[in-house]
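Undergrad: Structural data only, the sequence is not supplied:
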């Protein structure tokens, strides 16, 4: 069944009416300053509505499958156990582990005792107890004026993860943020919100994973993450999306960088029925360095869309973007990578490369690299290639006695392993090796 205008308006009304119930459930939180932001966001969502076919940014990713569902906004309860957390998490990362179930923080399943000055924990709790700190940063980077799903998330923002690393602090152990989805008691809509702030010369490594209890659960995760790096701060952010194959996953990531800061995102997409990533990075002072590294694998009728935007606003900055995709079955991929170089951003060095591997005649990729350069002393390059497996390499492996399935998996791994080279956390790199090799057998 296709989505009509009346369907779209009906679902929009569904979320608008649910906001009233959500607002009433906030109790004392509705009196906090941030609630004014929520109300502004729901008003903006009412104006924007859901994107349609005429929206250029959504031309190849119709949201009509999402609009067929009236998801429960008040997420159902879950009985996820500690054993299931161990199975779905990077279980070697135990120092700081924040677990959210159906978008809500779980104190029973989480474990963290940060050093003095470092803040790690539930966004809802911090909004209630540390509002003076959070209000400085929350919703200051993620602009909801033109992006309906960011507006929808902001309106329903209640819980998520807040991380604050003070000036000069280098956190040695990685922080794991684990988002688990359990739709055994009904399909739901969740709006997890993350806020990550690194002070001057602070350093932190973050591992974020989305996973489901069952691979056929239907639900909708609509998440937003805001990241602020102050002068000389450094963040490595590994993000793994392994949702249910019947789930919908939309993620908006907004990164703001100050002088001499360094941000690296390594994003791995494997799950989800329909996935859309909007990753935005602004290098807003001199000598910033930013890396957007992605690998995505899809089969069946999965749809994975990566939209990225890197904004070079000031001189002498470097950005590096590498995306690799493998598509089998009737899967569809989209890559749209924008690089803006502002007039004042002389001596910019920006590199972008997007490669896709199609494993079947029915798999499709739409790729569109974009450069908008308003400075004249820059070094910018981009490339996009689409191809198939190297038959000679496959023949070579087969001639050495390697079974066909294993040979294919080895070649798939070799194609995407460049993304893993950016992961400096050894335990995570080893776990991703195993996870990807197991996944490739399904393509």
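TA: Yep, it's here. In this text the structure is predicted, and so the values were computed from the model without any measurement.
Undergrad: Give the other helices and strands that the helix or strand of the chain with the lowest mean pLDDT contacts.
TA: Least confident helix or strand of the chain, by mean pLDDT, DSSP states H and E, is helix 391-399 with a mean of 76. The helices and strands touching helix 391-399, judged by 3 or more Cβ pairs under 8 Å, 6 or more residues apart in numbering; DSSP states H and E, are helix 404-420. For the C-beta atoms, the positions are set from N, CA and C on the backbone; glycine is no exception.
Undergrad: Check which residues of the helix it packs on are buried.
TA: Of the residues in helix 404-420, those with enough neighbours to count as buried (16 or more other Cβ atoms under 10 Å) are 407-413, 415-416, 419-420.
Undergrad: and the gap between residue 205 and residue 264?
TA: 9 Å (Cβ to Cβ, to the nearest Å).
Undergrad: list residues touching both of these two?
TA: 235-237 (Cβ atoms under 8 Å, 6 or more residues apart in numbering).
Undergrad: Save those as JSON lines, and put in neighbour count too.
TA: Formatted as JSON lines, those follow (neighbours: other Cβ atoms under 10 Å):
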{"residue": "235", "neighbour count": "24"}
{"residue": "236", "neighbour count": "21"}
{"residue": "237", "neighbour count": "22"}
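Undergrad: so which of those residues would you say is closest to residue 65?
TA: residue 237 (28.4 Å; Cβ to Cβ).
Undergrad: For this protein, identify the residue most remote from the centre.
TA: residue 399 (40.4 Å; Cα atoms, centre = their mean).
Undergrad: Mind putting the buried residues of helix 404-420 into JSON lines with pLDDT and distance to residue 74?
TA: Shown next, in JSON lines, are these (pLDDT from 0 to 100; distance: Cβ to Cβ, whole Å):
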{"residue": "407", "pLDDT": "83", "distance to residue 74": "49"}
{"residue": "408", "pLDDT": "83", "distance to residue 74": "44"}
{"residue": "409", "pLDDT": "81", "distance to residue 74": "42"}
{"residue": "410", "pLDDT": "82", "distance to residue 74": "46"}
{"residue": "411", "pLDDT": "86", "distance to residue 74": "46"}
{"residue": "412", "pLDDT": "86", "distance to residue 74": "40"}
{"residue": "413", "pLDDT": "87", "distance to residue 74": "41"}
{"residue": "415", "pLDDT": "89", "distance to residue 74": "42"}
{"residue": "416", "pLDDT": "90", "distance to residue 74": "38"}
{"residue": "419", "pLDDT": "89", "distance to residue 74": "37"}
{"residue": "420", "pLDDT": "90", "distance to residue 74": "38"}
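Undergrad: For residue 119, which residues are in contact?
TA: 126, 130, 133, 162-164.
Undergrad: Which members of those residues are positioned in strands?
TA: 162-164 (DSSP state E).
Undergrad: Could you pull out the helices in the chain for me?
TA: Remark: helices assigned in the chain by DSSP state H are 5-25, 34-48, 82-88, 123-129, 131-134, 148-155, 391-399, 404-420, 426-440.
Undergrad: Summarise which helices and strands the fifth one is packed against.
TA: Contacting helix 131-134 under the criterion 3+ Cβ pairs under 8 Å, 6+ apart are the following elements: helix 123-129.
Undergrad: So which other helices or strands are in contact with the helix it packs on?
TA: Short answer (3+ Cβ pairs under 8 Å, 6+ apart): helix 123-129 packs on strand 104-105, helix 131-134, strand 160-165, strand 193-198.
Undergrad: Which among those is found nearest to residue 184?
TA: Closest to residue 184 of the helices and strands packed on helix 123-129 is strand 104-105 (Cβ to Cβ; 15.5 Å).
Undergrad: Quick check: can you list the domain ranges of the protein?
TA: 70-270, 391-443 (automatic domain parsing).
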